[in-house]
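**Q** only geometry, no sequence info:
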């Protein structure tokens, strides 16, 4: 039996959503920054530990500077998971994170929401972890799309969670 799940990447512009998207789906990384307009959609088939196959349909949405509420509702409908991405080097990308998560959890009660801090290659992991915890910033994982640190494991864990 083949499963299909929609996963939407959300967050401010420039946090690395497209880089994570390309790293996970195509195992590629580029230093060139290109703004996402609208949404890009790609599929990656994952073999689950129990032998089932999952078609993970990943939506890479354009970034917003103000709120996830600015994201087109049509991008969010039918989702099985949201990945809210922030840039660990830019506090403005996570200062309103709790409000953003509250909005998603209130309006999409059956959708798994994960928080991913990206660009770990630019900071000291222990220091940024301590800083985020001291600021009460929730996160599920810290990654680097550039070095591929924790990217594959994060998506693999997410696939298991949304299919269980």
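**A** Arrived safely, thanks for sending. Model, not experiment: these values are computed from the prediction.

**Q** need the contact list for the closest residue to residue 161 other than its chain neighbours.
**A** Computed as C-beta to C-beta, 6 or more residues apart in numbering, the closest residue to residue 161 that is not its neighbour in sequence is residue 112, at 6.2 Å. (Each C-beta comes from the backbone N, C-alpha and C, glycine too.) For residue 112, the contact set (C-beta atoms under 8 Å, 6 or more residues apart in numbering) comprises 80-82, 158, 161-162.

**Q** assign residue 9 to helix, strand or coil.
**A** Assigned with DSSP: H, G, I helix; E, B strand; the rest coil, residue 9 falls in the strand class.

**Q** check the gap between the residue nearest the centre of the chain and residue 25 for me.
**A** The residue lying closest to the centre of the chain (C-alpha atoms, centre = their mean) is residue 83, at 3.2 Å. As judged by C-beta to C-beta, to the nearest Å, residue 83 and residue 25 stand 13 Å apart.

**Q** with residue 73 instead?
**A** Distance from residue 73 to residue 25, by C-beta to C-beta: 24 Å.

**Q** ok, the two, which is more surrounded?
**A** Ranked by neighbour count (other C-beta atoms under 10 Å), residue 73 and residue 25 place residue 25 first, with 16 against 8.

**Q** and that one, what is it in contact with?
**A** If you count contacts by C-beta under 8 Å, 6+ apart, residue 25 has them with 42-44, 58.

**Q** in the strand or helix carrying it, what's buried?
**A** Assigned by DSSP states H and E, residue 25 belongs to helix 17-26. Within helix 17-26, the residues that qualify as buried are 17-25, counting by 16 or more other C-beta atoms under 10 Å.

**Q** so what's the gap between that helix and the chain middle?
**A** Per C-alpha atoms, centre = their mean, to the nearest Å, the displacement of helix 17-26 from the mean C-alpha position of its chain is 10 Å.

**Q** helix or strand right after it?
**A** Going down the chain from helix 17-26, the next helix or strand is strand 39-47, by DSSP H and E.

**Q** between helix 17-26 and that following strand, find me the angle.
**A** Put simply, strand 39-47 runs at 30 degrees to helix 17-26, going by axes from the mean of the first three to the mean of the last three C-alpha atoms, to 10 degrees.

**Q** and the contacts of strand 39-47?
**A** Strand 39-47 is contacted from outside by 18, 21, 24-26, 53-62, 72, 75, 155-156, 159, using C-beta under 8 Å, 6+ apart.
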